[in-house]
Structures are given as structure tokens and as C-alpha cells.
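Visitor: Next input, structure requested:
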Amino acid sequence: MRSRDTLARLGGDEFAVILEHCTSDKAVRLAQKICDQMDDFRFIHDDRSFRIGTSIGLVSLDQRWSDVTALMQAADTSCYAAKEAGRNRVHHWFDTDQIVRARQGEMQWASRIEQALDEDRFVMYTQRIKPLEGEAGAIHAEVLIRLKDTDGSLIQPSAFLSAAERFHLASRIDRWVLRHVVDHLLALPAISTVQMLCVNLSGQSVGDRAFHRDAIDLLTNAGPAVCERLCLEITETAAVTALADASIFIDQVHLLGVQVALDDFGAGASSFGYLKNLNVDIIKIDGQFIKDLVSDQLDMATVRCFVEVAKVVSVKTVAEYVDQPEILERIRAIGIDYAQGFLIHQPEPIDQVLGVPDTVAAKTD
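Guide: The predicted structure is shown next:
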């Protein structure tokens, strides 16, 4: 840095620099020099050497900024963009910066999610899952979530779940859903009308032992009749990221009678290997293999292979994204156990599917 420049510590491991009378090109070179020198530095502690990385967000101070807050937010989001691009690099903010705008949008979503959780503004929907052999009896469905906006409109999960993951709010949403599903089951006049409700868990919850403890306490208090009608869905990628924790958690909920499904099966490179390490009851075949099943012979061969392996390890199979009669007939011929998709059922509010009393439905609305 030059003698006229200002260095300040903002807190923790975050610092700010003001480069006066400095062009953008020169600022980029100077910022990169800071990155390079920090990369060369080694911190020694207890005879161990530690490498330090630096991510820098660079913003020009000009008339576009209405106030200091807006300027600092742009610098902060640019810094995160540098981290997400691989760390130890400089990200220079510019007006058409899509990365930064996406980050700002997610930050706004994080605030809306926090408010929705505080105000109990999530709504549960369900989509039925159909057995492909025999007649459908009691209700078997997956629980889906929507966010009720302040104007009463419903927002699809694809709009906010990525922000929830990024800002570590996913486990709070999972707690909300699991608690409300248990409340719905306990409120049913005849719980025997439900065969199984499937509840999705985020990768953060799968690797969070505090969530595990809370979930085990909730399920234990709910009792065997509820637990035997619950299936927790864990995505394949989340299970692999926290394989040891996922395996322990699966064994714990199994002791309570809860089933576990491995969602998005086939999305990873070592899907079959995970079946050796995870004691799951169901695999839900990734929709990318189902949607073109009729026209793509490779998808057909892949799904046949999934079904054969599932039979060997005594695991049930579910085909997702079933939206055409031809696909339904093809998966039935292959030997898949269950079908799920818009052809089977358009998602509906949980109280309409389960017939839950109004007092409980009001809690989730």
C-alpha cells in the first residue's frame, strides 16, 4: 500500500482499504499484489505452517453510489464473488455484474426467509406417490413447501431454497417442516388413513448434529404411530458430503421406525457404492433419467440397472418426474415400485389431502 492509503479492520478477518487518487487499473494491480503477497506468506504456530488466502472485492468510489451503505454492500458482495470464484483473487465490481446482483438478490431472500420463519408464513403442500402394483390404499405422499409472501401469494421453493442453503437457514426450514408434519399426523382423527409422508432434509441438516438431536427428540415424543408413517428424504449429494453423520443419523431414526429415502439417486458418480454405506429403505431415481425414458435408450438401460441393484439390496424404487402415460407404462414394465409426478397428482395443500382439522391447518397457513 501507499502512504496516502487507508487501512481499517472491519471485524473478524475482514479489512477495508481506501485507495485515494488511484485509477481502476492501478487498483486492480495493487489488490492483486496484496493477494499474491498474502499467498506467499506462511503463518507458523506450534511448529506448523499455515497458508493464508485473501479474497478482495474492488469497488470504484464515484457518483453512482447514493450513500456509504450502498458502497460497502457492493464491496462486500464483490468480496463474496471473489470467494465463490475460487478464493485468493480480486473481483472488480461493475454495473452489469451478474454475480454481484445474484448475491444481492440472495441476501434479500435471506431476510425474507428469516421474516417468514418468524411470522410462520410457510405453507405445506403434498404430492401423492402411487404404487405400480395393486391398488393405492392409504395416503402416500411427499411434503412440499411454499412461502406465503406478505401479499398472500405463494412462492415456489426454487426461488428461495438456494438462498436458504447459502445463508445457513435451511436447517431452520427443515425444523419447521418436520415439526408441522408431526403436528398434522398427531391431529388426524384416524392416523391409519396415512401410509407414509416423505419429508425432505437439506444437506445442512444431514450434517448438523444439533439438528439430529432436535429431530430425534421430536420423533421420540411423537411416538411409534407417527414415526412409522414418516420417511426422511436425503439427497445423494448431501449424504456423500456428510457420509459419517448421515449414516449415524439414519441408524438413529431407523430405531424409531422412521424410513429413509435416498433422493436424486444416480446424480452422483458413485451412486451404487453409497448403497453399501447407507442403510436406506427407498431410492428415488433422479428425474433426469425418467423424463426422456421413452426416447432415450441409454436412460432406459440406466434405470433398468438401478432397479436390478435395488432388488439385490431389498430397497424400494420411486420414479420421479412422471408426466406422460407412456413413461408410466414403461416404468411399470421395468419393475419400479412407485411413481411420482404431475401425471399422478398435482400438488395440493396438505390439509386438503390429509383432511386435517381447521385448527391445525391454520397453524401452517
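Visitor: make it CA atoms for all contacts and neighbour counts henceforth
Guide: Will do.
Visitor: Just the pLDDT at the spatially closest residue to H140 that is not a sequence neighbour, thanks.
Guide: Nearest non-adjacent residue to H140, counting by CA to CA, 6 or more residues apart in numbering: M196, 4.7 Å away. Looking at M196, its pLDDT reads 96.
Visitor: ok, residues contacting stretch 343-356?
Guide: Contact with stretch 343-356 is made by 123-130, 139, 143-144, 184, 187-188, 193-194, 322-325, 357, 361, as judged by CA atoms under 8 Å, 6 or more residues apart in numbering.
Visitor: Mind checking which of the residues you listed are buried?
Guide: The neighbour-count criterion (16 or more other CA atoms under 10 Å) marks 123-130, 139, 143-144, 184, 187-188, 194, 322-323, 361 among the contacts of stretch 343-356 as buried.
Visitor: so of these, which ones are in strands?
Guide: The members of the buried ones among the contacts of stretch 343-356 that map onto strands under DSSP state E are 123-128, 130, 139, 143-144, 194.
Visitor: quick one: which of the residues you listed is nearest A261?
Guide: Closest to A261 out of these is V143 (13.3 Å), distances taken as CA to CA.
Visitor: Show me the beta-bridge partners of the closest one.
Guide: The bridge-partner assignment for V143, based on DSSP bridges, gives T126.
Visitor: which SSE is A333 in?
Guide: Assigned by DSSP states H and E, A333 belongs to helix 325-334.
Visitor: Mind listing what's buried along that helix?
Guide: In helix 325-334, counting by 16+ other CA under 10 Å, buried: 327-328, 331-332.
Visitor: Then stretch 23-31?
Guide: Residues of stretch 23-31 classed as buried: 27-28, 30-31 (neighbour count, 16+ other CA under 10 Å).
Visitor: How about stretch 187-202?
Guide: For stretch 187-202, the neighbour count (16+ other CA under 10 Å) marks 187-188, 191, 194, 196-202 as buried.
Visitor: Return the subset of these lying in strands.
Guide: 194, 196-201.
Visitor: quick one: which of those residues is nearest R48?
Guide: Looking across those and measuring by CA to CA, the closest to R48 is L201, at 38.4 Å.
Visitor: hang on, the earlier thing: now distance to D296 and pLDDT too, for the buried residues of helix 325-334, in CSV please.
Guide: Converted to CSV, the buried residues of helix 325-334 look like this (distance: CA to CA, whole Å; pLDDT from 0 to 100):
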residue, distance to D296, pLDDT
I327, 11, 95
L328, 15, 95
I331, 13, 95
R332, 17, 95
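Visitor: on that earlier part again, residue contacts, the residue nearest to H140?
Guide: 139-141, 228-231.
Visitor: For D76, give me the backbone phi and psi.
Guide: Here the main-chain torsion angles of D76 (degrees, to the nearest 10) amount to phi -70, psi -50.
Visitor: I figured it was touching V59, is that so?
Guide: No - in this structure, D76 is not within contact of V59 by CA atoms under 8 Å, at 9.5 Å.
Visitor: coming back round to it: strand partners of the helix or strand following the helix holding A333, parallel vs antiparallel please.
Guide: Sequence order places strand 338-339 as the next helix or strand after helix 325-334, per DSSP H and E. Partners of strand 338-339 in the sheet, by DSSP bridges, are strand 130-131 (antiparallel), strand 316-319 (parallel).
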